[in-house]
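Undergrad: Using only what follows, build the 3D model:
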Amino acid sequence: MARAMQRPSRHAPVALLAMLCAAGTAAAAGCRIERYPAIPVTMKDMQALIRVRINGKPAILAVDSGAFFSMLSPQGARRLKLTDLYAPPGLFLAGVGGETLADLVSAHTFSFDHQRLHNVQFLVAGNDYFSHAVGLLGDNLLRMADVEFDFAKGFMRFVKPVHCGNLPLAYWAGHQPVGMLDLHHPTRRTPQFIGSARLDGHRITVMFDTGAARSVLSLSMAQRLQLGPGDPGVKPAGHIGGITRRLVKSWIAPVARLRIGGETIEHTHVMVAPMPPLSADADMVLGADFFLAHHIYIANSQDKLYFTYSGGPVFALDEPEPAALTHAAAHPGATATAAELIRRGMAARARQEYPQALADFKHACTLDATAARCFVYGGQTYLAANQPALALADFQTALRLEPRHYPALLGRAAARLALRRSATTHAWVVLTSAATADLTAASRVMPPDSVAHMMLGMLANQAGAFPLAVDAFNAWIRFHRDDNAVPLARDGLCWAWAAENRHLPRALRDCDRALARVPGSTPVLDSRGLVDLRLGKWQRALRDYDAALEAHPHRPLPLYGRGLAELRLGKTSAAHTDFAAAQRIDPDTARRYAQIGLAP
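TA: Residues are numbered from 1 along each chain as shown. You can find the predicted model right below:
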C-alpha cells in the first residue's frame, strides 16, 4: 500500500567496470541484425504497458519477462470473451505473495503494432494486475526471437540476428561500455531469464523481470547476508504483492556493492521480501527499475544478455528533491513525435527524473497544443515533485482544452487539496469546496469500471466528501474485486464511515477485512483507531495508534489521533506532545480532524 512506503537515499553511484568494448559489435562479414518495428511502451506506476488487440478488441498488457507464460486476469478474460480450453488439473503459478491456480484460454488472433499471431494461448490467473492492464505478455511470446528493451525511450522490439554466431549483439552501443552475462539455458522448470551476480561479495542468482515494479532480494538470501529484518540499517517498507491476491511484508536494506555483467552498483538500497520456493530459484529479481536505467538486449539465440547504462539511479527507493526542478533541461531530439516524447517523459517520471520528464511533456505540448493529456502528465509530474501551484496551472490548461477530462479534474482537485497546507483558514475552505466540485464533476463523467475510482475515493476522503468517497470505493471494488489493492479500498471505506460517524460496525468490518490481508498496515490501523475514537473505546484506540506508529513513527494522522485518545485517558502531556509533532510534519492535520468534528 502506497501510504506505508518509506524510501531512503536516492543516489547510487554506478561504476562501469570490465565492460566489453562495443566497437565492431556484430560487424563480422555476413552478420546482420534484422529489427522488427519498435513496439511503443508506456510506463505507468512502474509497469511497462503495451497496446495490443486480442480477437480484434483493444487491450493493454504489462510486459512481464518474469512470467513463464502470457496471462490474463479473470476479469480481462471475461471482458474479451475468450474460449475456455482444458487446463491440467492442479496447474498453479508462483510469485511474490505465494501460489494461485490457473485456467487456460485461447485467442484466435493476437496483434501488436504491425505483428499478428494466431491461436495464442493465455493462462487465466491471479489478481487484476493493479487494474492498468488486462494481463501479461510473458516468456512464451518474448522468446519468439531476441528481444530488446529500451524503456527509458519508450519502446521494445523483437530482433533476429542472422549469421552472427556468438558475436556481441549490442548494435546500438557505439562507444558506450557494454555489459554482458550468460543466461541459464531455459528449461521446463525454469524458463525465465536467469543469470548470476555478486552481492556484497556473495554469488547470487538473479532473474530479469520487467513485470516486477521494483527489484527485490529474497528474504531468505537477505537473512543469510545479514540484510534481513532486525539487521543494521534495514527498515520496514510496507506490503507488496504479485500474481496472487496475498500481500507480503517488505523491507529496504543497505547494500555496499552489486556486481552484474561487469557493472558495479555501489552504496545503494534494495527491497527485501519473501519469495515462494517455485519462483525460478532466484535469489534476486531485477525489475522495471533496473530496466529503466539500462538499454537491454536479451539474446535468446545465444543465451546471453547485453546492456548499456542509460542513466539515473538504478534502484530509486526515495522521494525526489523538489529543488532540482529549477534545473530542468530539454533534450527532445529533432525527429521525436509528441507520442514518443510522452512515452519518454513517462519513463523519466517513473525513474523520478522529474526535470527531464517535464521537459519532454512540455515539448510534446508544443507539438500538439490541443492535446489535454500533455498538460495532465505535466501536472501529475509537478504534483509528484511537491509543486502543487505549478501542477494547478497545467491542469487548468488541460481543462480549458477538454472541460470533461476526468484525469484533469482529479488532478486539479489533488493540487487544490495540496495547496491547503499553506493556506489561511478562509482559503482552506475555498480550496476544499473547489476540490469537492472537481471531484463531483469527475464522478459524473468517469466510466463505471475505471481504475480512477480509487483515486477519486482517496481524494474525496481528503476533501471531507465522505458520501462521494464511499460511492467511489464501492464502485472500484465492484469491478476490481480480484485486485491486490482491495485492502486499500476497504481502508478508504473504513475511514470514510468513521469520519462521517455512520455505520461504525460496517467501518470496523472493512478495517478488519483489510488487516486480514495486510497485517500491521499503518494506514489501516490508523483508520481503525478513528473507529475506536468514534465508539469511545479510548484504550483500544490507543493500542491501534501505537501499533500504527510502531513502524512509521512520523505519520501525522495517527500521531494526532493518538493524541486525542491520550487526552481522553487523562494523559495530557503525551497528548500535546503528539499534537505538536503531527502539526510540525503536516500543518494541515488539525484542520482535517476539526473538519470531522474531532478537536482537543
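
Undergrad: Would you tell me which helix is longest in the protein?
TA: helix 425-445 (DSSP state H).

Undergrad: Tell me the buried residues in that helix?
TA: Within helix 425-445, the residues that count as buried by 16 or more other CB atoms under 10 Å are 428, 431-432, 434-443. All C-beta spots, glycine's among them, are computed from the backbone N, C-alpha and C.

Undergrad: Same check on stretch 387-396?
TA: In terms of neighbour count (16+ other CB under 10 Å), stretch 387-396 has its buried residues at 387-388, 390-395.

Undergrad: sorry, back to before: save the buried residues of helix 425-445 as CSV, and put in pLDDT and distance to Arg534 too.
TA: What follows is the buried residues of helix 425-445, written out as CSV (pLDDT from 0 to 100; distance: CB to CB, whole Å):
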residue, pLDDT, distance to Arg534
Trp428, 95, 24
Leu431, 97, 26
Thr432, 97, 22
Ala434, 98, 28
Ala435, 98, 24
Thr436, 98, 22
Ala437, 98, 28
Asp438, 98, 28
Leu439, 98, 24
Thr440, 98, 26
Ala441, 97, 30
Ala442, 97, 28
Ser443, 97, 26
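
Undergrad: tell me which of those residues is nearest to Arg584?
TA: Proximity of the buried residues of helix 425-445 to Arg584 (CB to CB) peaks at Trp428, which lies at 18.3 Å.

Undergrad: can you give me the offset of the helix or strand hosting Gln583 from its chain's centre?
TA: Assigning secondary structure by DSSP states H and E places Gln583 in helix 572-585. Taking CA atoms, centre = their mean, to the nearest Å, one finds the center of helix 572-585 at 33 Å from the center of the full chain.

Undergrad: Kindly report the same for stretch 414-424.
TA: That offset, for stretch 414-424, works out to 25 Å (CA atoms, centre = their mean).

Undergrad: Report how far apart the opening and closing residues of it are.
TA: This stretch, stretch 414-424, spans 18 Å end to end (CA to CA, to the nearest Å).

Undergrad: What residues of that stretch count as buried?
TA: 414-420, 423.

Undergrad: Stretch 570-579 now?
TA: Buried, per 16+ other CB under 10 Å, within stretch 570-579: 571, 574-575, 578-579.

Undergrad: Pipe these into TSV and attach pLDDT and distance to Ile60 per row.
TA: Converted to TSV, the buried residues of stretch 570-579 look like this (pLDDT from 0 to 100; distance: CB to CB, whole Å):
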residue	pLDDT	distance to Ile60
Lys571	96	52
Ala574	96	50
Ala575	96	49
Asp578	96	45
Phe579	97	46
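
Undergrad: so, if you compare those, which one comes nearest to Ser250?
TA: Asp578 (27.3 Å).

Undergrad: give me every residue that touches that closest one.
TA: Contacts for Asp578 (CB atoms under 8 Å, 6 or more residues apart in numbering) come out as 559-560, 562-563, 566.

Undergrad: Out of the residues you listed, give me the one that has the most neighbours.
TA: Arg562 (29 neighbours; other CB atoms under 10 Å).

Undergrad: Identify the residues contacting the closest residue to that residue other than its chain neighbours.
TA: Nearest residue to Arg562, sequence neighbours excluded (CB to CB, 6 or more residues apart in numbering): Tyr545, at 3.6 Å. By CB under 8 Å, 6+ apart, the contact set of Tyr545 is 525-526, 529, 558-559, 561-562, 565.

Undergrad: Just the buried ones from these?
TA: The buried subset of the contacts of Tyr545 (16+ other CB under 10 Å) comprises 525-526, 529, 558-559, 561-562, 565.

Undergrad: Flag the shaky bits of this protein, pLDDT-wise.
TA: 1-29, 83-102, 126-131, 241-246, 276-280, 316-334 (pLDDT under 70).

Undergrad: how does it divide into domains?
TA: 2-19+175-294+305-309, 32-162, 484-600 (automatic domain parsing).

Undergrad: Columns distance to Ile240 and secondary structure on top of the buried ones among the contacts of Tyr545, output as a markdown table?
TA: Below are these laid out as a markdown table (distance: CB to CB, whole Å; DSSP: H, G, I helix; E, B strand; the rest coil):
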| residue | distance to Ile240 | secondary structure |
| --- | --- | --- |
| Leu525 | 18 | helix |
| Asp526 | 20 | helix |
| Gly529 | 24 | helix |
| Pro558 | 21 | helix |
| Leu559 | 25 | helix |
| Gly561 | 26 | helix |
| Arg562 | 27 | helix |
| Ala565 | 30 | helix |
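
Undergrad: Closest one of the residues you listed to Arg373?
TA: Distance ranking of the buried ones among the contacts of Tyr545 against Arg373, using CB to CB, places Asp526 first at 34.3 Å.

Undergrad: how about the nearest residue to the closest one, chain neighbours excluded?
TA: Pro558 (4.3 Å).

Undergrad: Specify the local secondary structure of Val272.
TA: strand (DSSP: H, G, I helix; E, B strand; the rest coil).

Undergrad: How about it: which residues does it bridge to?
TA: Counting by DSSP bridges, Val272 forms beta bridges with Leu217, Trp251.

Undergrad: That one contacts Lys249, doesn't it?
TA: No. Between Val272 and Lys249 there is no contact under CB atoms under 8 Å: 9.3 Å.

Undergrad: Please say which of those two ends up with more neighbours.
TA: Higher neighbour count among Val272 and Lys249: Val272, with 28 against 20, using other CB under 10 Å.

Undergrad: Run through the residues that contact the residue nearest to Asp526.
TA: Pro558 touches 522, 525-526, 529, 545, 548-549, counting by CB under 8 Å, 6+ apart.

Undergrad: swap the cut-off to 6 Å and go again
TA: Residues in contact with Pro558 (CB atoms under 6 Å, 6 or more residues apart in numbering) are 526, 545, 548-549.

Undergrad: From those residues, which land in helices?
TA: Short answer: the contacts of Pro558 in helices (DSSP H) are 526, 545, 548-549.

Undergrad: His114 and Pro161, how far apart?
TA: 20 Å (CB to CB, to the nearest Å).

Undergrad: Between these two, which has more neighbouring residues?
TA: Pro161 (22 against 8).

Undergrad: related to what we said a few turns ago, with distance to Asp146 as extra columns, can I get the contacts of Asp578 in TSV?
TA: As requested, the contacts of Asp578 are exported to TSV (distance: CB to CB, whole Å):
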residue	distance to Asp146
Leu559	53
Tyr560	56
Arg562	56
Gly563	60
Glu566	62
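
Undergrad: Tell me the one of the residues you listed nearest Leu167?
TA: Leu559 (60.7 Å).

Undergrad: Please name the nearest non-neighbouring residue to that closest one.
TA: In space, Leu559 is closest to Ala582, 4.0 Å off (CB to CB, 6+ apart).

Undergrad: What is the neighbour count of that neighbour?
TA: Applying other CB under 10 Å, I find that Ala582 has 24 neighbouring residues.

Undergrad: again with Gln47
TA: Using other CB under 10 Å: Gln47 sits among 24 other residues.

Undergrad: That one and His132 touch, don't they?
TA: Yes. Counting by CB atoms under 6 Å, Gln47 does reach His132; the two are 5.5 Å apart.
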